[in-house]
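Chemist: generate a structure from the sequence data that follows.
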Amino acid sequence: MVTRFLLLASLFFFHCSNNLKEKKPNILLIMSDDQGYHDVSYYNTKDIKTPNIDQIRNEGIRFDNFYANSPVCSPTRASLISGLYPHKVGVPGVIRTNKKNNWGYLKADFLSLPQELNKLKYNTALVGKWHLGLNYPNTPIDRGFKFFHGFLGDMMDDYWNHKRHGYNYMRLNEKIIEPIGHATDLFTDWSIDYIESQEKKKKPFFLFLSYNAPHFPVQPPKKYLEDVTNREKGIDSIRANLVAFIEHMDYGIGRVINSLKETNQYKNTVIIFTSDNGGHNPSKANNGPLRDGKQSLYEGGLKVPTVISWQNKIKKNSVSNKTLLTMDLYPTIIEIAGKKVKDKIDGVSFVNELENPKSNHKNERILYFTRREGGNRYGGKSINALRKGSWKLIQNNPYQPQELYDLKNDPLEKKNLINDKIDIYMELNKLMMDKIQEGGQTPWQINN
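Modeler: Residues are numbered from 1 along each chain as shown. Coordinates of the predicted model:
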């Protein structure tokens, strides 16, 4: 009898142990490039159909006040993998091939998101765009990803030949490769390959699927453009190309999600979708009613479509109006993986919001946005914005005066109150100067 009891007990604990292991979720993070705040059909945008992004929203939660950490690519991605403001991690601007026009260099002494996840026994992979360094020690493999299949650089000059300034930045881990096909399809295929490779693995996985689309040049496959122009009669030709480009990417996202289902990994996978900054206005992006778009620190350059699904954890069709930033994904993902971040970072976990979104939030944090850039518009100087509560101080051009907006009563930033609210301006300006000085402590240009 005792032997039988011990056998049953051991089987029970073995079963429980396996269940506990099964409960540690996989994490799929999908980031698009320059996708407008309303360039998704879940916001009832009439000329675009994104059923697979919508599916993530329908199966989970939509965030209506989610901000990219920057209005351009590299800084936002630096915040994602560090949990820090980009100016504190050495990337206040865009990292480029041409060192004379390079405005960032990733800081060495921080624990990256994949490094943290490696410590938590996750398999970590990046498929797609990196844009945080072209050489050692700032490649994806150097910075913690166990597997990389994608593009080191910023934008592609052509989605079919994958070159940038004549250079081939396509890599399989550290090996130069010359794949054939549209980049969006390649990144989709490679993500599916990775997901299938993880089906029988004991460890959970973190896959960062980082598309270049819909960053210009806007190059959808012919079939998708024909479908849009046939469906949307009279649509502007520039807009039609962008819509087709996004719908092509959405189709790829659907294929990736379907691969999770076919390998029986869907139910145990957290799926996050977001964009790295607002939509590109010359490409006719739809940033909703918000002011401006990519490259700008007005709301249209920063607010991005963001949805997350997690079966049995997030209530379907949930909505959150909590103000969040890209850097908040870092501690959130780590907490989902089983640990609370103890290191001092700027990002704040919002796991509680996933499970129990609240209708009213007070934005207590000081939020800071900056971008340093070259050319005639910037001349190596920075643009800056700081938000405290509903008040936002912004200098969107280094050669023009600051402006002050009350986002609670003026979310479209139409009425500049800087001459009417002197006390508020002085308070926010002092806080902004503190942030600018803080950024000056971190080197962002390494000449070697």
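
Chemist: neighbours of Tyr42, how many?
Modeler: Number of residues near Tyr42 (other CB atoms under 10 Å) recorded here: 18. Every residue, glycine included, has its C-beta placed from N, CA and C.

Chemist: that one and Pro51, how far apart?
Modeler: Between Tyr42 and Pro51 the computed distance is 9 Å (CB to CB, to the nearest Å).

Chemist: now do Asn98
Modeler: Asn98 sits 40 Å away from Pro51, going by CB to CB.

Chemist: more crowded one of these two?
Modeler: It is Pro51, of Asn98 and Pro51, that has more neighbours when counted by other CB under 10 Å, with 14 against 8.

Chemist: go through this structure and flag its longest helix.
Modeler: Using DSSP state H to define each element, the chain has its longest helix at helix 237-262.

Chemist: Asp158: neighbour count?
Modeler: Count around Asp158 with other CB under 10 Å applied: 12.

Chemist: any stretches of the stretch 251-400 of the chain with poor pLDDT?
Modeler: 359 (pLDDT under 70).

Chemist: show me where it has helices.
Modeler: Using DSSP state H, counting those that start in this stretch, the helices of the stretch 251-400 of the chain run over residues 299-302, 329-336, 351-355, 375-378.

Chemist: tell me which residues are up against the longest one.
Modeler: Translated: helix 329-336. Helix 329-336 has contacts (CB atoms under 8 Å, 6 or more residues apart in numbering) with 25, 27, 29, 79-83, 113, 116-117, 120, 206, 270, 272, 274, 310, 340-341, 345, 347-351, 354.

Chemist: any idea how far it is from the chain center?
Modeler: Relative to its chain's centre, helix 329-336 lies at 13 Å (CA atoms, centre = their mean, to the nearest Å).

Chemist: go on, the first one?
Modeler: Centroid separation between helix 299-302 and its chain, computed with CA atoms, centre = their mean, is 14 Å.

Chemist: which other helices and strands does it contact?
Modeler: Helix 299-302 is packed against no helix or strand, with contacts defined by 3 or more CB pairs under 8 Å, 6 or more residues apart in numbering; DSSP states H and E.

Chemist: follow-up on the earlier one: among the contacts of helix 329-336, which ones are buried?
Modeler: 25, 27, 29, 79-83, 113, 116-117, 206, 270, 272, 274, 310, 341, 345, 347, 349-351, 354 (16 or more other CB atoms under 10 Å).

Chemist: if we can go back for a sec, right, and the helices of the stretch 251-400 of the chain - which one's nearest Lys175?
Modeler: helix 329-336 (27.8 Å; CB to CB).

Chemist: next, the buried residues of that closest one.
Modeler: By 16+ other CB under 10 Å, the buried positions in helix 329-336 come out as 329-336.

Chemist: can I get the CA coordinates of that helix in CSV?
Modeler: Taking C-alpha atoms only, helix 329-336 is exported to CSV below (Å, rounded to 0.1, in the frame of the first residue of the first chain):
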residue,chain,number,x,y,z
LEU,A,329,7.8,45.9,-23.1
TYR,A,330,11.2,45.0,-21.6
PRO,A,331,10.1,44.5,-18.0
THR,A,332,6.7,43.2,-19.1
ILE,A,333,8.2,40.4,-21.2
ILE,A,334,10.7,39.5,-18.4
GLU,A,335,7.8,39.3,-15.9
ILE,A,336,5.8,37.1,-18.3
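
Chemist: phi, psi for Phe151 please.
Modeler: Main-chain dihedrals, Phe151, degrees, to the nearest 10: phi -120, psi 120.

Chemist: and for it, the neighbour number?
Modeler: 24.

Chemist: now it, which residues is it bridged with?
Modeler: Beta bridges link Phe151 to Lys129, Met170, judged by DSSP bridges.

Chemist: isn't it up against Ala213?
Modeler: No. Using CB atoms under 8 Å, Phe151 makes no contact with Ala213, being 11.7 Å away.

Chemist: pull up the overlap in contacts between these two.
Modeler: Counting by CB under 8 Å, 6+ apart, the shared contacts of Phe151 and Ala213 are Ala183.

Chemist: now find how far off-centre stretch 191-208 is within its chain.
Modeler: 20 Å.

Chemist: do stretch 419-438 as well
Modeler: Distance of stretch 419-438 from the chain centroid (CA atoms, centre = their mean) equals 28 Å.

Chemist: residue ranges of the strands in the stretch 51-200 of the chain, please?
Modeler: With strands called from DSSP state E, counting those that start in this stretch, the stretch 51-200 of the chain shows them at 60-63, 66-67, 123-129, 147-151, 163-164, 167-168, 170-172, 175-176.
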